[in-house]
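# When you get a sec, could you give me coordinates for this:
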Amino acid sequence: MDTYSVDVVYQAINALFQGNNPKEQEKANKWLQDFQKSIYSWTIADELLHQKRDLHANYFAAQTMRNKIQNSFSELPPHTHESLRDSLITHIGQIDEQTDNVIVTQLSLAVADLALLMATWQEPINDLLVTLAPFPAAVWPLLEVLKVLPEEIDSRYLRLGANRREEVHKQLDASAECVLKFLCMCLQRDDLNQQRVWNATLRTYSAWLVIHAFPVAHIYNNALTQLAFRLLTLPDTSGKLHDNASECVCALLSCMNTRQDNATEGESSVEAQIFAAVCSLETPYHLSVAHEDTDKTINYCRIFTALCDAFFFEILGDPQKPHYGLKGVDLVLLCVGHFDYEVAEITFHLWYKLSEDLFQRNDDQLTAMFRPHIERLISALYRHSQMESDHDGLIEENNNFYDFRRKVSDLIKDVAFIVGSGACFKQMFLILQTPDTTWESTEAALFIMQNVAKNILPDENDVIPKVVEAILNMSEQTHIAVRYTAILLIGELCDWIENHPESLEAVLNFLLYALQQKNGLAPAAAMALTSICSACRKKMVCHINGLVEIARSLESFQINNDVAIGLLKGISLILTRLPREQLQPALREIVGFQLQPLALLVEGSSAASVQKGERNDPVYWIDRACAVIRHTNPDIPDAVEHPTVAILNDAWQLISRVMDKYQTDLRIMERTCRLIRYGIRMVRKQAVLLVEPLIKQMVVLYAVQHHSCFLYVGSILVDEFAKAHECIGGLLEMLQAFIEPTFGLLQMENGLRNNPDTVDDFFRLASRYLDCCPLQLLQSNLITPIFQCALIACSLDHREANSSVMKFFINILVWGRPVDQWLPSQQRHDDCRPLVVELANQHGCALVMNLIQASVFQLHSYMLADVGEVLYELKQVVGNERMRPFLEQALEALPKKNSGGYVTATQQQLDDFSCTVLRADTTKAISQALKTFTRLFR
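Coordinates of the predicted model:
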């Protein structure tokens, strides 16, 4: 205790907030963080709040108190909970108008979290109302506590558990009427600042609406709802009040999303009243537009969109009897037509939701009912997509308008089927034909056409030929943005061009000319050419010489490396179609264009002088070579020598030198390993000459650098060569060599958490051995330490790493199934079963224990499907008689109460979970039971 005292803590706070020495401030910050973790911070923070020395000390103390309750409540013995509660309520009661809002929020959160965690506090809402409501100064913090309390119920830090959460919801439901009366009473008090009290009560009311504490029948005819609608109707409502009233109405509408289909007559009447009240906001919306008050316009737009969400399934009801809620879609379209595209963007999620539902229902009548709405939507998006008339050049990437157009592109592709892609294309074509069409209108129409072109039938002969002809004959005086979008449209019409080969020659000439331009058109031309190569593979074979020349001249084009890689991909798809005797020289030439500059880098510049993304970056050339190797995939029988084998063998010395020279650079090593991976995948077992030197070099480099990409390449080698008996011994030696540095890395402090890629790639490698040579691995002395490492790693909450660990367990356990339950894909290895059964009996208890602990305390719910599969496979191996005690021990180790003293899981719930797992005959049943069970602790 000598280290921590009120005065010492106060000095540290002063040093942090008022000092001017950065080193001293950093030291004070570290000391205060350690202090907050100590048990003494409870009493010292409480004392600081009583003393109220200054703003910084008060803020730090309030934040400390909130953090301790949230994260370390279990430190306090239960008998101290009441005194902590009384002390916090005292602090809340001492808040006045001069108290900083941040301190009010932190103290309010502390009280709210305490109320949720403290099981012995039976009626926190009523106690707070009785204690604080009579005092005018205490009304503000009381409103804040009442606001944050329902918001904190689902806090992932508190880990209330499903049982406690259900109990809290019952408490809040029981107190809802009292809270509503208190809020309405606050509106009538004349001893409080009216604007302030309206803002505070509306925020609190919204928080309670969100958790559906009030019955639908009671949420319209009360003073708060009426106030919210009145404020939204008045033109002079302040911005803050307007925001809070809008939040309130949106929360009100969210209550209607959860109502039952068999709504009572009273509930239906309330819904109709709320709908009418929202519709009455159309006039205030127009006023906000006229006054150019965009913030208010955005609020109305959010409300209209929430209205359609609330009545979504009624709107999508019987098309013969349209629901009155359809009026809401017109209100949303009104907002989409607003001049500011940011307003329209608010509605996008609704159109996605609508298109998905219509697509799933596949009801022509229903789709036809919404066709006029989507036509209006597309027309509005066309207008919003127009560039400024005085804009020179192209749209800059990564500005707001560029991002908006990207979202428009995604949305149009999603909704186009409702009106028909052909009809949409024709609608835009008519705009192009309008006399005196401005360049920005033309560009926007081409942009919309570009997004639906892929879905137009390739045999269309009415509109597309005219469009293609017009684009090919476009003059150089046409605005650069129009030409750029037109070129992209040509790329999207690749399927139509494939079906109309007579147009191919003219299109290629047009694109080649654009590719050589230095005015910004080259990237569009390269992307269009890539699409055409992909769609017209057979017809492009005769143009291979021209494509090789393009590959040779890549550096002369004004395109970035990503676009160049895309172009090489397109060219490689054509290479695949070449006869074998033509393929090898063309492929060698194109790969050589990439490897020659790489060789110069290896021989010349130092590894330290690499500039990422520039021509002296090895990755620049490796990625290009990768694209060629990956996408050149000719159909060569195993018995015939693959045309790429000689190219790979010749390139190996260069690749080996790259790995040596740049071994410390993880990025370069990952890309080099990717090149090796695609090369081996292409020629498969014919890469046998590379296996031994590759393994030797990877083992040496991995021991020093620990790059997990070497493990990944190892898994590729196992996949390709482990089925050849003569290779198994060498591959197991590779695994042995990888194990020591891997385990050394993972056993360091936070080794698993700091190296998820190593965990992922190592267990992926182990799984490949189990797939390809299970018996040899199971008979080796490597399997036990790998299994024990997996037991520790199963608590890692990294998606890919955890998935690989679980797949390892699954892959090992399936070999322990009774032979009659083996999967069709499994080859017979009868000797595997007893080895796996022995392993499962030896480590099964630890496996179940670790899986249950990880599921409850570490893993995200989306990871539990894999855990369920492991438990299912273990049950198949050991049987229910052995599985039952494994489960009992694991469940017995779980905490019976949470930090606030509330029962986490009853014995009945534990027994039910155990029985479900033992009875389950599918992995899905166990996964679902796990998800339900873990909610008891979260």
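
# The lowest-mean-pLDDT helix or strand in the chain packs against which elements?
Ranked by mean pLDDT, DSSP states H and E, the weakest helix or strand in the chain is helix 265-279, scoring a mean of 87. Counting contacts by 3 or more C-beta pairs under 8 Å, 6 or more residues apart in numbering; DSSP states H and E, helix 265-279 is packed against helix 239-257, helix 294-310, helix 326-336. Backbone N, C-alpha and C define where each C-beta goes, glycine included.

# what angle do the longest one and helix 265-279 make?
Pointing back at helix 239-257 there. When axes from the mean of the first three to the mean of the last three C-alpha atoms, to 10 degrees is applied, the directions of helix 239-257 and helix 265-279 differ by 150 degrees.

# start at 37 instead
In the new numbering, first residue 37, that becomes helix 275-293.

# From the contact counts, what lies against helix 275-293?
Taking 3+ C-beta pairs under 8 Å, 6+ apart as contact, the helices and strands that helix 275-293 lies on are helix 230-246, helix 259-269, helix 301-315, helix 330-346.

# Return the distance of whichever strand or helix holds K502 from the chain's centre.
In the assignment (DSSP states H and E), K502 maps to helix 500-508. Its chain's C-alpha centre and that of helix 500-508 lie 40 Å apart, by C-alpha atoms, centre = their mean, to the nearest Å.

# Output the helices and strands packed on helix 301-315 in CSV; the columns should cover distance to Q943.
Listed next are these as CSV, based on distance: least, C-beta to C-beta, whole Å:
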stretch, distance to Q943
helix 275-293, 36
helix 330-346, 42
helix 362-372, 50
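
# so which of the ones you listed comes closest to Y193?
Closest approach to Y193 among the helices and strands packed on helix 301-315 (C-beta to C-beta): helix 275-293, 23.5 Å.

# hmm, back to that, quick check: buried residues in the next helix or strand after the helix holding K502?
Scanning forward in sequence from helix 500-508 by DSSP H and E, the next helix or strand is helix 516-528. Taking 16 or more other C-beta atoms under 10 Å as the basis for neighbour counts, the residues of helix 516-528 that come out buried are 516-528.

# out of the helices and strands packed on helix 301-315, nearest to H420?
Comparison of these against H420 by C-beta to C-beta identifies helix 362-372 as nearest, at 8.2 Å.

# For the stretch 237-386 of the chain, which residues score under the pLDDT cut-off?
Within the stretch 237-386 of the chain, the ranges that satisfy pLDDT under 70 run 293-302.

# a markdown table please, covering the buried residues of helix 516-528 and showing distance to L430 and pLDDT.
Compiled in a markdown table, these are given as follows (distance: C-beta to C-beta, whole Å; pLDDT from 0 to 100):
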| residue | distance to L430 | pLDDT |
| --- | --- | --- |
| I516 | 6 | 96 |
| A517 | 6 | 96 |
| V518 | 10 | 97 |
| R519 | 10 | 97 |
| Y520 | 6 | 97 |
| T521 | 9 | 97 |
| A522 | 13 | 97 |
| I523 | 11 | 97 |
| L524 | 11 | 97 |
| L525 | 15 | 97 |
| I526 | 17 | 97 |
| G527 | 16 | 97 |
| E528 | 18 | 97 |
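
# Mind splitting this structure into its structural domains?
Under the assignment named as the TED database, the residue ranges that make up the domains of the chain are 399-491, 493-595, 614-741, 852-973.

# where does the stretch 487-636 of the chain have low pLDDT?
Short version for the stretch 487-636 of the chain, where the test is pLDDT under 70: none.

# all helices for it, in order.
Counting by DSSP state H, counting those that start in this stretch, the stretch 487-636 of the chain has these helices, from start to end: 500-508, 516-528, 530-535, 540-551, 558-571, 573-576, 580-588, 597-611, 616-639.

# tell me the angle of the fourth one relative to helix 580-588?
This means helix 540-551. Compare the direction of helix 540-551 with that of helix 580-588 by the same axes, to 10 degrees and you get 10 degrees.

# helices and strands around helix 540-551, which ones?
Packing contacts for helix 540-551, counted by 3+ C-beta pairs under 8 Å, 6+ apart, involve helix 500-508, helix 516-528, helix 558-571, helix 580-588.

# Can you give the distance of that helix from its chain's centre?
Here helix 540-551 is found 39 Å from its chain centre; the criterion is C-alpha atoms, centre = their mean.

# Can you point out the buried residues in that helix?
Buried residues in helix 540-551, defined by neighbour count with 16+ other C-beta under 10 Å: L540, V543, L544, F546, L547, A550, L551.
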